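1. what shape does this take:
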Amino acid sequence: MELLDAIHTRRSIRKYLDKPVPEEMLGILLKAAMSAPSAGNQQPWHFIVIRDRTKLDSIPSFHPYSKMVLQAPAAIVVCGDPDGKKWPTFWDQDASAATQNILLAARDLGLGTVWVGIYPEKDRMDGFRKLLGIPENIIPFSLVPVGWPDGTFEAVNRFRPELIHNESWGAK
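-> Residues are numbered from 1 along each chain as shown. Reported below is the predicted structural model:
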């Protein structure tokens, strides 16, 4: 798949087929995540892969917008670790880039994903810390359910020229 095709046909997939995701594919997603840019190449991320059905099924009890994980055969939690980094205030941008790389790599493989925000909501972060034993200094950032989509990917034109400003605000 061409990169622009992946970008333009990537969609938030919330319904999955009852079919496991091969370990090799999850490895490809994680490798893509770790290829994301990061401030000063500090790579302040950690990833938790969840396949355990009991853990996946418990997530909606503390995250109200994660019900799609009930169908997903796997999920990846992207976490940030700003401690001791030269640029500690940029960890969330780095984690965002890693999350986006997961979404695009999954699209390339024909997998469905959706970005489910965790940070900065304290109750969500606490829920993931408790469920997955995440230390206090590590920040749960995003949840990415992963599975085979129950549906198709279609390009949608989201380009809005009125949101573009040239040289200064308001210039078209």
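2. let me see the mean pLDDT of the longest strand along the chain.
-> Counting residues, the longest strand found in the chain (DSSP state E) is strand 139-147. Averaged over strand 139-147, pLDDT sits at 98.
3. tell me what it is packed against?
-> Contacting strand 139-147 under the criterion 3 or more C-beta pairs under 8 Å, 6 or more residues apart in numbering; DSSP states H and E are the following elements: strand 74-80, helix 91-109, strand 112-113, strand 116-117, helix 122-132. (Each C-beta comes from the backbone N, C-alpha and C, glycine too.)
4. show me how far that strand is from its chain's centre.
-> Relative to the centre of its chain, strand 139-147 is centred 5 Å away, using C-alpha atoms, centre = their mean, to the nearest Å.
5. ok, back up a step: need the helices and strands packed on strand 139-147 in a markdown table (columns: mean neighbour count).
-> Converted to a markdown table, the helices and strands packed on strand 139-147 look like this (neighbours: other C-beta atoms under 10 Å):
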| stretch | mean neighbour count |
| --- | --- |
| strand 74-80 | 24 |
| helix 91-109 | 21 |
| strand 112-113 | 28 |
| strand 116-117 | 18 |
| helix 122-132 | 16 |
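6. just put those in CSV and tack on distance to residue 51 and mean pLDDT.
-> Formatted as CSV, these follow (distance: least, C-beta to C-beta, whole Å; pLDDT from 0 to 100):
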stretch, distance to residue 51, mean pLDDT
strand 74-80, 5, 99
helix 91-109, 15, 98
strand 112-113, 15, 98
strand 116-117, 17, 98
helix 122-132, 12, 98
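7. out of the ones you listed, nearest to residue 46?
-> In terms of C-beta to C-beta, the element of these nearest to residue 46 is strand 74-80, at 4.4 Å.
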